[in-house]
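could you work out the structure for the sequence below:
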Amino acid sequence: MMAGSHIALGAAAWFVAAPRLGLPALEPVSLGLAIFGALLPDIDHPKSWVGKRVWPVSWLCSRLFGHRGLTHSLIAVIACIALLLREDLPVGVTSPLVVGYLSHLAADLLTPGGLRLTWPLRGTWALPLCRTGSPFEPLVVALVLSWAWGNTTERLDLRAGLRSTGICRLLAAEMPGVCEGVAPAATAVPWRPWNSLAWQGGATPLSQTR
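Sure, this is the predicted structure:
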């Protein structure tokens, strides 16, 4: 499938999996990791979205394993499971990455190209529901994403997302609806650009010359 489809399906997979893992489905970092994980298997394709951004690694993977080789095989699935079972790694990082990664494999399984699950052995496994880049692909993706979103009990809290950026430390007074309950930072002296201007021949501020 196309990169946009993998992004949408990675998000959809996280919407479904996160509550079952006891994690927030709409937390921005986790959702971003799931989307990144959904793009990661195509690191073996130099012209893919992720391949273009790590071209040397992508070129090497393509030469060694081929597209939809090692990164799309049962070996990759086993590696994902092993990553989840590692107790020394934060589950909030490994879980969305693995969920996104596996969503990519599931999506590619629905295309005629399928997956070489038994790589390095020959043979392709597929449930050819839609061809990559066909008009039917976005329809399938939209249906899956709509179903996943409809089954998500969480709702996006934009105010919490803005607060997490630290904006309330600077603009608590100007954004009371967003920053309710957040203590504002100490009041600073307002900066006035004309106070910092000086004559070319000396250091006297312009405001003091009037």
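
list the contacts for L117?
H72, S73, L74, V77, W125 (Cβ atoms under 8 Å, 6 or more residues apart in numbering). All C-beta atoms are positioned from the backbone trio N, CA, C, and that covers glycine.

kindly recompute the last result at 6 Å.
With contact taken as Cβ atoms under 6 Å, 6 or more residues apart in numbering, L117 is in contact with S73, L74, W125.

which residues does the last one bridge with?
Spelled out, that is W125. W125 has these beta-bridge partners by DSSP bridges: L115.

wait, isn't it in contact with L115?
Yes: between W125 and L115 there is a contact under Cβ atoms under 6 Å: 5.4 Å.

of the two, which one has the most company?
Per other Cβ atoms under 10 Å, whichever of W125 and L115 has more neighbours is L115, with 23 against 11.

pLDDT at that one, what is it?
Looking at L115, its pLDDT stands at 91.

S146 now?
pLDDT, S146: 88.

got it, and S62?
86.

my guess is it contacts I43, does it?
No: using Cβ under 6 Å, S62 is not in contact with I43; the gap is 9.0 Å.

the residue nearest the centre of the chain in helix, strand or coil?
Central residue of the chain (Cα atoms, centre = their mean): G32, 2.3 Å from the mean position. Here G32 takes the helix state, with states given by DSSP: H, G, I helix; E, B strand; the rest coil.

distance check, it against L145.
16 Å (Cβ to Cβ, to the nearest Å).

repeat that for V99.
Per Cβ to Cβ, V99 is found 15 Å from L145.

before we move on, what about L84?
24 Å.

with T71 instead?
Distance from T71 to L145, by Cβ to Cβ: 24 Å.

higher neighbour count, those two?
T71 (22 against 17).

Y101 against F36, yeah?
No: Y101 lies out of contact with F36 (Cβ under 6 Å); the separation is 9.2 Å.

in terms of neighbours, single out the busier of the two.
Y101 (25 against 16).

for that one, pull up the helix or strand it's in.
Element membership for Y101 (DSSP states H and E) is helix 91-109.

how is the protein carved up into domains?
3-156, 157-187 (automatic domain parsing).

from those domains, which stretch is densest packed?
Mean neighbour counts were compared across those using mean count of other Cβ atoms under 10 Å; the top stretch is domain 3-156, at a mean of 17.

what does the host helix or strand of A11 rub up against?
Using DSSP H and E, A11 falls within helix 3-20. Outside helix 3-20, the residues that touch it by Cβ under 6 Å, 6+ apart are 25, 31, 34-35, 38-39, 49, 96, 99-100, 103-104, 107, 137, 141, 144-145, 148, 152.
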